[in-house]
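Visitor: Build me a model from this:
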Amino acid sequence: MSKTCTAPGHPTCTITCPKGCIAWYDERNKRCVTSCTNRLEQADLDADSRIAISVSDLTPSDLLQVFGKHLSADFKSRFEKSSKTVSFALDSATIGEIEKAVRALL
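Guide: Numbers count the residues shown, from 1 in each chain. I've put the predicted structure just below:
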């Protein structure tokens with residue numbers, strides 16, 4: 001079953017993938033980024049960026065691929081080998097709020 005991710009508040013920032021997906025909108029730079037699990041790219045964000053993000057069936061290691069340089073060392077060591085998937089949507093979130101959401105789901 002395919003998965004669709006749409007960044008909250010940005011209906012044109014959307015993607016449908018055969019497996020997991022991510023769609024996020026960088027509020028500061030007015031930029032949409034979408035990816036499927038098989039072609040994730042590293043995020044280019046400022047430390048205090050706020051993003052609207054939708055994630056469907058990604059593992060924490062997938063999120064490390066995308067946001068790795070922005071995530072805490074504790075998050076990296078705790079979840080880098082986790083194979084559980086997470087799905088969530090946050091509007092105008094910081095990287096810290098994304099970490100908190102993932103921790104709550106695992």
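
Visitor: What is the neighbour count of V55?
Guide: Using other CB atoms under 10 Å, V55 has 25 other residues around it. Using the backbone N, CA and C atoms, a C-beta is placed for each residue, glycine as well.

Visitor: Which secondary structure state is assigned to it?
Guide: Put simply, V55 is strand when judged by DSSP: H, G, I helix; E, B strand; the rest coil.

Visitor: What segments of the protein are helices?
Guide: 60-67, 73-79, 95-105 (DSSP state H).

Visitor: Any chance of CSV for these, columns mean neighbour count?
Guide: Listed next are the helices of the chain as CSV, based on neighbours: other CB atoms under 10 Å:
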stretch, mean neighbour count
helix 60-67, 20
helix 73-79, 14
helix 95-105, 16
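
Visitor: Next, format those as a markdown table and append distance to R31.
Guide: Formatted as a markdown table, the helices of the chain follow (distance: least, CB to CB, whole Å):
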| stretch | distance to R31 |
| --- | --- |
| helix 60-67 | 14 |
| helix 73-79 | 24 |
| helix 95-105 | 16 |
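
Visitor: Can you tell me which of those is nearest to V33?
Guide: Nearest to V33, of all the helices of the chain, is helix 60-67, at 8.6 Å by CB to CB.

Visitor: How about residues contacting that closest one?
Guide: Helix 60-67 is contacted from outside by 20, 22, 35, 37, 40-43, 45, 55, 71, 75-76, 79-84, 86, 95, 98, 102, 106, using CB atoms under 8 Å, 6 or more residues apart in numbering.

Visitor: Buried subset of these, written for PyMOL?
Guide: This is how PyMOL selects the buried members of those, with burial counted by 16 or more other CB atoms under 10 Å:
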select buried, resi 20+22+35+37+40+43+45+55+71+75+79+86+95+98+102
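
Visitor: Strands - which of the contacts of helix 60-67 land there?
Guide: Counting by DSSP state E, the part of the contacts of helix 60-67 found in strands is I22, S35, V55, V86.
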